[in-house]
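Chemist: Need coordinates for the following:
(6 chains)
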There are 6 protein chains.
Amino acid sequence: MSAYTRYTEGLAKLEEIDGEAGRKVIDSLQAIAPDLARYVIEFPFGDIYQRPGLDLPQRELATVAALTALGHCQPQLAVHIHGALNVGCTPEQIVEVIIQMSVYAGFPAALNGMATAKAVFAERGLLPDLKSDA
Amino acid sequence: MSAYTRYTEGLAKLEEIDGEAGRKVIDSLQAIAPDLARYVIEFPFGDIYQRPGLDLPQRELATVAALTALGHCQPQLAVHIHGALNVGCTPEQIVEVIIQMSVYAGFPAALNGMATAKAVFAERGLLPDLKSDA
Amino acid sequence: MSAYTRYTEGLAKLEEIDGEAGRKVIDSLQAIAPDLARYVIEFPFGDIYQRPGLDLPQRELATVAALTALGHCQPQLAVHIHGALNVGCTPEQIVEVIIQMSVYAGFPAALNGMATAKAVFAERGLLPDLKSDA
Amino acid sequence: MSAYTRYTEGLAKLEEIDGEAGRKVIDSLQAIAPDLARYVIEFPFGDIYQRPGLDLPQRELATVAALTALGHCQPQLAVHIHGALNVGCTPEQIVEVIIQMSVYAGFPAALNGMATAKAVFAERGLLPDLKSDA
Amino acid sequence: MSAYTRYTEGLAKLEEIDGEAGRKVIDSLQAIAPDLARYVIEFPFGDIYQRPGLDLPQRELATVAALTALGHCQPQLAVHIHGALNVGCTPEQIVEVIIQMSVYAGFPAALNGMATAKAVFAERGLLPDLKSDA
Amino acid sequence: MSAYTRYTEGLAKLEEIDGEAGRKVIDSLQAIAPDLARYVIEFPFGDIYQRPGLDLPQRELATVAALTALGHCQPQLAVHIHGALNVGCTPEQIVEVIIQMSVYAGFPAALNGMATAKAVFAERGLLPDLKSDA
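Modeler: Now for the predicted structure:
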């Protein structure tokens, strides 16, 4: 695949998955490291998220799991919770993955991931529905 | 749920997911910390893996993602790659999740996770099939 | 032990150790993941902090050590510095544990842990006494 | 304190705490980085472990907590489990600290820490006693 | 080397490398843990940054690499990006090291490191020049 | 740049930097995840190590710093210590970077990194010279 195709298809995939949150990440890099923005488009979105073998909701749940477990990536976790919702994951699935991380990375990682999810859900007006389920 | 139920149902779930690899973990703790073995059965398997909201293959892929990203948990990653296969994940899905971790935790974490997957797949006689796909 | 007992005794232990800071953690989860709040009460506080073998000050110093070393858990470190003080640890002991982490997790982890301790001590009016000792 | 004093007192403290395991660490560095061996003696053992405010068993339990939580330091965890036993911590206290880390760093970190403890306890002939308690 | 010399030479090296940002770190510790401030001066700056074998720009680039990769040390990364610029590293070299960390610690670590670099560069009026290069 | 060029130039750069150790990594992936091998060639070596702004010895020292600090990547650290030596870094520079990591990631990370360096140096017959310097 040519670099042009990777970039173009990566940009379309970034738009499909992350929408506005993805554009903000790319824009924020233009003044300091536009090549890092290009690599974000080309490698994760132009190579990895183009691959068959897992659908986008499966990929986003794996990313939410990893970023919650790592713990030091809350801005990226917020972007990918938006992304998970954008590609069809339910709030309940995201909450389940984050709860599960208490087993593998400890309760602090799960609690901090849940605080990030709560902020994203609130921004999208999703919390009242969740609350009424509780 | 009573403690008895959590333990009994957790042990059944551990057996369902991890089979022999899970029993080895539990057995290895009996001489030094049997209560830690009990907590492994009661909390991850008696509470978390009993929850609705995600099916077992989804939960195992999230666990493979997190353990690959964390990097310092290769014995547990091996157990959960067995577990993922036991509950119906394909080798290709496991390989995809590990490849994807190169984006979020770097290439060394993905390479070490893949080495663990390779050892598990070889133990289960799965590598020739994979190779013929390559 | 029944689930009811674990929850009830865990809630009492959380109140004893973390007081207001613990209640805030539990409350913040109600709208999004009340089951995670329940697990926090049942497993760490209903199981682990109920155990003999270490007293509460010993357990809290171990927790302060771990959270300082991990580095990505400053909100939980703040809660447990409050907790350590609530169960009888002295400010000096907490400062000593955090200084010691410079050896095992590096100076940045120790410096960030100390900044969190400083904020907690200031909130509790403890800093003038410490200063006069210095 | 002069550098000579730090080195001399650090070496004595390293001997007191870690004994043979500590000497092996120092010896292993002589061919490649004798200055790193000197820093190990001077800073952790000549500065930190000389400090008042915590006694040696308290310091060793904090170190066991941190090394278990970090996860990638099993050789150093083994040295400090020896150290904890040498300065008067009981096997039960060490086991308790490692179990507690399941809450803060996840079950894999606790399980790997326990495997290291089991190897150290076995080396010191401590496992049968523990077993009979279980 | 006497403790006095280590402290005095460490303080001069801290001033040379980190200037105002270093003084703020030291000052912030006076009320709570002045000994940790002293260790920062004596060990990293009085011992390590005094060593031959690497020049200061080489040492600062190694530190920027490590702190970007670790991910949980953004305040210290900011101090050392200042330090790198103070000892003669170019903004381009710093940007290159941070981009390179996407390979070893993943894109989130690189993106968060770059956000910290952007804030430091903006504070020093360096961004317009970088932008015109892009 | 076309995908073909990235792959071809990446393979040449991997050969230049890592030689036999790099080929082993690529070969080990062929049976399970040949695409991950391709990404290793295309992204780190076809994109990042092709960039101007840092020379290869500077890039390898940054990588040695990061992998030592992360701690869970000893196989990759070994490959890159070979790589650093292959592109002209001296053993002394590598030892210095690893010693420096004791400040930022703690002594255990530095000690484990040094053990890996010692094994690589021994394999290349470099230890007697180092020893005579000590």
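Chemist: Every contact and neighbour count from this point should use C-alpha atoms.
Modeler: Fine.
Chemist: quick one: the spatially most central residue of chain A from B:Arg6, how far?
Modeler: The centroid of chain A falls nearest to A:His80 when counting by Cα atoms, centre = their mean (1.1 Å). To B:Arg6, A:His80 is 33 Å away according to Cα to Cα, to the nearest Å.
Chemist: Can you give me the buried ones in the helix or strand containing A:Val97?
Modeler: Using DSSP states H and E, the element containing A:Val97 is helix A:91-105. Residues A:91, A:93-105 are the ones in helix A:91-105 that count as buried (16 or more other Cα atoms under 10 Å in any protein chain shown).
Chemist: Would you mind giving these as CSV with distance to chain E and pLDDT added?
Modeler: What follows is the buried residues of helix A:91-105, written out as CSV (distance: Cα to the nearest Cα, whole Å; pLDDT from 0 to 100):
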residue, distance to chain E, pLDDT
A:Pro91, 23, 98
A:Gln93, 22, 98
A:Ile94, 19, 98
A:Val95, 21, 98
A:Glu96, 22, 98
A:Val97, 19, 98
A:Ile98, 18, 98
A:Ile99, 21, 98
A:Gln100, 21, 98
A:Met101, 18, 98
A:Ser102, 19, 98
A:Val103, 21, 98
A:Tyr104, 19, 98
A:Ala105, 15, 98
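Chemist: Check those one by one and keep those near chain C.
Modeler: Near chain C, judged by Cα under 8 Å from any Cα of the partner chain, the entries from the buried residues of helix A:91-105 are A:Val95, A:Ile99.
Chemist: Look up the closest residue to A:Arg23, ignoring the ones flanking it.
Modeler: Sequence neighbours aside, A:Glu15 is the residue nearest to A:Arg23 in space, at 7.4 Å (criterion: Cα to Cα, 6 or more residues apart in numbering or on different chains).
Chemist: The residue nearest to the centre of chain A touches A:Ala62, doesn't it?
Modeler: No: in this structure, A:His80 is not within contact of A:Ala62 by Cα atoms under 8 Å, at 10.1 Å.
Chemist: how about stretch A:68-83 against chain F, any contact?
Modeler: No: for stretch A:68-83, no contact with chain F is found by Cα under 8 Å from any Cα; the gap never falls below 12.0 Å.
Chemist: Could you list the buried residues of that stretch?
Modeler: Across stretch A:68-83, burial judged by 16+ other Cα under 10 Å covers A:68-74, A:76-83.
Chemist: ditto for stretch A:30-46
Modeler: For stretch A:30-46, the buried set under the neighbour-count rule, 16+ other Cα under 10 Å, comprises A:30-34, A:36-46.
Chemist: closest to D:Leu126 among the residues you listed?
Modeler: Nearest to D:Leu126 among these, counting by Cα to Cα, is A:Pro44 at 50.3 Å.
Chemist: wait, A:Glu60 sits on A:Gly83?
Modeler: Yes: here A:Glu60 reaches A:Gly83: they are 6.9 Å apart, a contact under Cα under 8 Å.
Chemist: ok, the closest residue to A:Ala84 other than its chain neighbours - how many residues close by?
Modeler: Among residues not flanking A:Ala84 along the chain, A:Glu60 sits closest, at 5.1 Å (Cα to Cα, 6+ apart). A:Glu60: 26 surrounding residues under other Cα atoms under 10 Å in any protein chain shown.
Chemist: just the CA coordinates of the helix or strand A:Glu60 falls within, formatted as PDB?
Modeler: Assigned by DSSP H and E, A:Glu60 belongs to helix A:56-70. Output in PDB follows, covering the C-alpha atoms of helix A:56-70 (Å, rounded to 0.1, in the frame of the first residue of the first chain):
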ATOM      1  CA  LEU A  56     -13.900  -2.100  15.300                       C
ATOM      2  CA  PRO A  57     -15.900  -2.600  18.500                       C
ATOM      3  CA  GLN A  58     -13.600  -5.500  19.500                       C
ATOM      4  CA  ARG A  59     -10.500  -3.400  18.800                       C
ATOM      5  CA  GLU A  60     -11.900  -0.500  20.800                       C
ATOM      6  CA  LEU A  61     -12.700  -2.700  23.800                       C
ATOM      7  CA  ALA A  62      -9.100  -4.100  23.700                       C
ATOM      8  CA  THR A  63      -7.800  -0.500  23.600                       C
ATOM      9  CA  VAL A  64     -10.000   0.600  26.500                       C
ATOM     10  CA  ALA A  65      -8.700  -2.400  28.500                       C
ATOM     11  CA  ALA A  66      -5.000  -1.600  27.800                       C
ATOM     12  CA  LEU A  67      -5.200   2.100  28.400                       C
ATOM     13  CA  THR A  68      -7.100   1.600  31.700                       C
ATOM     14  CA  ALA A  69      -4.500  -1.000  32.800                       C
ATOM     15  CA  LEU A  70      -1.500   1.200  31.900                       C
END
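Chemist: And that helix, what's buried?
Modeler: Going by neighbour count (16+ other Cα under 10 Å), the buried part of helix A:56-70 is A:56-70.
Chemist: Tell me the spacing between the nearest residue to A:Thr90 once chain neighbours are set aside and chain E.
Modeler: The shortest distance from A:Thr90 to any residue other than its chain neighbours is 7.9 Å, reached at A:Ala84 (Cα to Cα, 6+ apart). The gap separating A:Ala84 from chain E is 17 Å, by Cα to the nearest Cα, to the nearest Å.
Chemist: Please list all residues in contact with A:Ala84.
Modeler: A:Ile17, A:Leu56, A:Pro57, A:Glu60, A:Leu61, A:Thr90, A:Ile94 (Cα atoms under 8 Å, 6 or more residues apart in numbering or on different chains).
Chemist: can you check A:Leu61 too?
Modeler: A:Leu61 is in contact with A:Ala84, A:Cys89, A:Gln93, A:Ile94, A:Val97, B:Ala62, counting by Cα under 8 Å, 6+ apart.
Chemist: In chain A, what residue lies closest to chain E?
Modeler: Proximity of chain A to chain E (Cα to the nearest Cα) peaks at A:Ala31, 4.8 Å away.
Chemist: now the helices for chain A?
Modeler: Counting by DSSP state H, chain A has these helices, from start to end: A:3-29, A:34-40, A:56-70, A:74-86, A:91-105, A:107-123, A:127-133.
Chemist: Among the ones you listed, single out whichever gets nearest to B:Val25.
Modeler: Among those, if distance is taken as Cα to Cα, the winner is helix A:91-105, at 15.0 Å.
Chemist: Show me chain A divided up by domain.
Modeler: For chain A, automatic domain parsing gives the domain ranges A:1-51, A:54-127.
Chemist: Off-centre distance for the longest one?
Modeler: This points to domain A:54-127. Distance, stretch centre to chain centre, for domain A:54-127: 8 Å (Cα atoms, centre = their mean, to the nearest Å).
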